[in-house]
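In: Got a predicted structure plus its sequence, pasted below:
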Amino acid sequence: MPEKDKEQERSREESNSGTATAKPKRSPKKNPQTKPPQPLPPWKVLLHNDDKNDFGFVIHTVMELTPLKEQEAKDRTNEANETGVALLLVTHKERAELYMEQFESKGLTVTIEPAEK
């Protein structure tokens, strides 16, 4: 190899060594396997009978805090009065907890429990 060619080759090697950084190969972006949103587990909201509150107040409060209409509110209040407890509605846990707090703020006893699927 002629001397000039050797110098050019050395020059190329020196310029390539240490200064050039290889870019990492990126794999093409994959779309994650997404599942459609699943419904939240159901929870029961249960109204308990008490001897403190007036029937009309309980019916009014049930109608005020839930989507139940007057006749449904009367039926649930009657059931709680006769059997000790009545199922008001079934919803997801966070909303059930909210209902429990709202009824408690009105002086009524409501509990929640997981609904069986």
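Out: Received, thanks.
In: So which residues of this structure form helices?
Out: Taking DSSP state H, the helices of the chain run over residues 3-16, 55-65, 70-83, 93-105.
In: how about these, which one is nearest Ala115?
Out: Checking the helices of the chain against Ala115 by Cβ to Cβ gives helix 93-105 as the closest, at 9.3 Å. (C-beta placed from N, C-alpha, C; glycine too.)
In: Remind me what that closest one packs against, helices and strands.
Out: strand 42-48, helix 55-65, strand 85-92, strand 110-114 (3 or more Cβ pairs under 8 Å, 6 or more residues apart in numbering; DSSP states H and E).
In: The first one to strand 85-92, inter-axis angle?
Out: Think strand 42-48. On the basis of axes from the mean of the first three to the mean of the last three Cα atoms, to 10 degrees, strand 42-48 is oriented at 150 degrees to strand 85-92.
In: same deal with the second one?
Out: Direction vectors for helix 55-65 and strand 85-92, defined by the same axes, to 10 degrees, enclose an angle of 10 degrees.
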